[in-house]
Structures are given as C-alpha cells and as structure tokens.
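Novice: the sequence isn't on hand, but the structure is:
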C-alpha cells in the first residue's frame, strides 16, 4: 500500500515547512545527518521525499498505512488543493482535499465503491478546477475508465493526465536510489529533497507504562484477548500446514513463468504497455537519482573510506581492497544489513556490514569456541569465533563487532576450515585500524 500527495502550484519550501511543523507536533525531531539505513529498519525514524517543479509538488512519505496517510494529511489543511494518490491491493484511487475538506473520492476497485453519475460529475468538476490551476485540460474521466490487469497502469494514466509522472513513485525505490543523501538536488528537471525525522525519546519506558496500567481491568482484558488469539492462531497454523505445502509446490512449478514475465516486464515497449508511460519515466528518474550519489568507497593508498558511514580502515599489502561494493538492486522488502567494506585476503574475504544499534542479528545452531576483545583506534571490538551448522555442513564464523552511536559494524568471514594464524593477524590489523564517528 503506497500513498503520495500531489499539490498543484505549491511552493516546495512551504510544503517542507508544513511537513516539519506536523512532525514536530507529533513528537519528532528533524535530523541533519545522512541516513545510514532504510527508515523502516530504525525504530522511531520517519522520512519524506519532496519532489517539485513550477507546476507540482509531490510528497512521497514513508507511511504505508491508511491511518498514517490520514494523519499526515493534516499537515496540508492550509493548501488550496491536495490530491492523495493511493495504491492498494484491490486497485488504486485518489482523494481531493481542498482547504482540509475532502471534496472528491475515487476507487477503481471494488466496483461497489464507485459512485453514481451525480457524484462522478461533481468529482470531475472539482478535478477540472484543479487542472485549471495549472493550465491543463482535464482528462481524468478517461483515466478512471482504464481497464488493466495491473493497478499500476491506471495510476500511470492518472499522473500522465495531470502532467506529473513522478507522482506514482514508490517510497522504498526512491529511498534505495537516494542512499540517505539530504542535500537538495535536481533530477530530470525536478527539484528533489529528503527530510528525515527521529521520534523524541519518551520520558518513561514502555515497560514502566505497562506496569502502571496493569491494574486497569481493560488492560487485563486486552492481554487475555491477545493470549486467546495467539492460541487460536497456533491451531490455525497446524490446520493450514498441508495447504501451505501444496501452495509452495504450485509456486515452485510456476517459478519459470514468473521469471520470464519479470524479464519481459523490464523491456521498454512491453513495460509501457503493461504499466504505462509514467512507469518508464519513473525508471529514468530513479536511475538519474542513483547516478548522482558520490562514489561511496574511496581508496587512497592503504586507506579505504566509506563516505556514507564516515568510517575508514587501513588495508596492508598484499590484501586487495574492493573499491566498489556489489551493485544493490532496488529492494522490494526489508534489507537486514548494509555492506560497508570488502577486503580480499588470499582465498577468503573479510566483509564489513552495518546494522542499526537496536537490531539484533541471530544465527541458529551455533557453538561458541573463542571470545575476546581487540583494541581499535577509538574503542574496542568484540571478537567471536563460532561453529555454525549441523554435523554434515559446518562453517567456522569469525566476527569482530564494533558498536557506535548510529550503527553497529561487524567484520566477519566464513570458512569451512579454521583460518591460519597469519590470516587472523592481518585481519585483526585491519579491524584495529577501523575509525568511525563516536565508536564505543
């Protein structure tokens, strides 16, 4: 479920100020540091992309629920017109808000949600007034009649009729292409800016709040209801297990056709027919946005630096430092870790990844073999040697974990056999040279 806000003839600075005021009222603080991780990985973080030109201002929020979009809508009550474009499982739709009041609503599916002719005429009249604001002839009636297997084509026709192809951008695709950069930029003749917010810490912990409310009968009744639902869900899981196995078999048999369709959908003419011209315009926008990111990995002599994370290591010879990380695809789901460094040491690779401090990464079937600390430039690194896997397939895991204020950095290597003392010595030299902002 995606929601975007389209504001005709709106000033980007005024829109950013309205978004900032709303977040401050909701208990958020504006951040001025480059984001290290996707905002859905960091607890209490929210982000908004503002894309504008002379005719339109598009707000792409991280909220993916209808409740979140309704709350953010309050930030734009003082604007003459705001279009809330949504993509849901059952189709697509839009709502027109004028000075805080909803004056037009459309849903492509289900058909029962469609209004009668009188309501449709009133809706079209209001949308024609919005198009007149930007000197554009209204073609909204035709876009509402678009029939396609994919809701994306209906949305593409709608934003094309309004002359704002970037209005259907997905937040997670833009976030992946932007890589956390906050500086305003120009992309495909659109002004682009990212705003990041962090929730202020609560005065009391959630545990203390629960303890203070534990004597409330309503709280106890809610806890009992949750326990009952959990037991019921466990029984449903057992009953549906055979159907899940059959479904997995059907999906496995259909995988070749899914891959072929996914490949065909990337071809220009076929993509335009299936998803509309705006989808191709969005692809060009994302490609140019990604190309504007400065080179993330900089190698100067023996010093390897990651500009996004603001950290560096010294790579002694004959180690081979990778000047570029593997290209990341546009993610379709949550990304657990972010790659930071890759260093080739002989036959093995020492990799460094980062993840948020409040995220716990666990591995099943592991046996701790060795553990100690290593001094680094401005802190300590915790070393763990573990045996992972079962009797037939075992791996030795070597990990050096460094905790910083904004991230946890983990150097690691997997091997079927134990690593030599010389390899370990070189790896620890690299880890000990690690420098980051506020490492502890």
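Specialist: Noted; the coordinates are in hand. Remember, predicted model here, so these are calculated numbers, not experimental data. Numbers count the residues shown, from 1 in each chain.

Novice: could you count how many residues lie near the closest residue to residue 415 other than its chain neighbours?
Specialist: Nearest non-adjacent residue to residue 415, counting by Cβ to Cβ, 6 or more residues apart in numbering: residue 396, 5.0 Å away. Using the backbone N, CA and C atoms, a C-beta is placed for each residue, glycine as well. For residue 396, the neighbour count with other Cβ atoms under 10 Å is 17.

Novice: measure residue 396 to residue 164 for me?
Specialist: With distances taken as Cβ to Cβ, to the nearest Å, residue 396 is found 54 Å from residue 164.

Novice: assign the residue nearest to residue 415 to helix, strand or coil.
Specialist: At residue 396 the chain is in strand, as set by DSSP: H, G, I helix; E, B strand; the rest coil.

Novice: so what pLDDT did it get?
Specialist: Residue 396 is assigned a pLDDT of 88 by the prediction.

Novice: residues in contact with it?
Specialist: By Cβ atoms under 8 Å, 6 or more residues apart in numbering, the contact list for residue 396 reads 369, 385, 386, 387, 388, 414, 415, 416, 417, 418, 419.

Novice: now distance to residue 278 and pLDDT too, for the residues you listed, in JSON lines please.
Specialist: Output for the contacts of residue 396, formatted as JSON lines (distance: Cβ to Cβ, whole Å; pLDDT from 0 to 100):
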{"residue": "369", "distance to residue 278": "55", "pLDDT": "86"}
{"residue": "385", "distance to residue 278": "53", "pLDDT": "90"}
{"residue": "386", "distance to residue 278": "49", "pLDDT": "88"}
{"residue": "387", "distance to residue 278": "52", "pLDDT": "87"}
{"residue": "388", "distance to residue 278": "46", "pLDDT": "83"}
{"residue": "414", "distance to residue 278": "44", "pLDDT": "88"}
{"residue": "415", "distance to residue 278": "48", "pLDDT": "89"}
{"residue": "416", "distance to residue 278": "49", "pLDDT": "87"}
{"residue": "417", "distance to residue 278": "53", "pLDDT": "87"}
{"residue": "418", "distance to residue 278": "55", "pLDDT": "89"}
{"residue": "419", "distance to residue 278": "52", "pLDDT": "90"}
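
Novice: among these, the buried ones, what's the PyMOL command?
Specialist: Entered in PyMOL, the line below selects the buried ones among those, by 16 or more other Cβ atoms under 10 Å:
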select buried, resi 385+386+419
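
Novice: just checking, what packs against the strand or helix carrying residue 23?
Specialist: Element membership of residue 23 [criterion: DSSP states H and E] is helix 12-25. Applying 3 or more Cβ pairs under 8 Å, 6 or more residues apart in numbering; DSSP states H and E, we find helix 12-25 packed against strand 28-30, strand 45-52, strand 56-61, strand 190-199.

Novice: per-residue confidence averaged over it?
Specialist: Confidence for helix 12-25, expressed as mean pLDDT, is 92.

Novice: what's the answer for stretch 70-81, then?
Specialist: Rounded mean pLDDT across stretch 70-81 is 86.

Novice: that stretch: which residues count as buried?
Specialist: Neighbour-count burial for stretch 70-81, with 16+ other Cβ under 10 Å as criterion, is recorded at 72, 73, 75, 76, 79, 81.

Novice: test my guess that the third one contacts residue 22.
Specialist: Yes. Between residue 75 and residue 22 there is a contact under Cβ atoms under 8 Å: 3.6 Å.

Novice: show the backbone phi and psi for residue 303.
Specialist: phi -100, psi 120 (degrees, to the nearest 10).

Novice: in the sheet, who's paired with it?
Specialist: Applying DSSP bridges to residue 303 gives these bridge partners: residue 300, residue 314.

Novice: list the contacts for it?
Specialist: Residues in contact with residue 303 (Cβ under 8 Å, 6+ apart) are 312, 313, 314, 315.

Novice: who wins on neighbours among those residues?
Specialist: residue 313 (27 neighbours).

Novice: circling back: nearest to residue 352, of the helices and strands packed on helix 12-25?
Specialist: When these are compared by Cβ to Cβ, strand 45-52 sits nearest residue 352, at 22.6 Å.

Novice: still on that earlier bit, identify the farthest-apart pair in the contacts of residue 303.
Specialist: 312 and 315 (9.9 Å).

Novice: okay, and the common contacts of those two?
Specialist: Between them, residue 312 and residue 315 share these contacting residues under Cβ under 8 Å, 6+ apart: 303, 304.

Novice: got the angle for the helix holding residue 23 vs strand 56-61?
Specialist: Between helix 12-25 and strand 56-61, the angle comes out at 30 degrees (axes from the mean of the first three to the mean of the last three Cα atoms, to 10 degrees).
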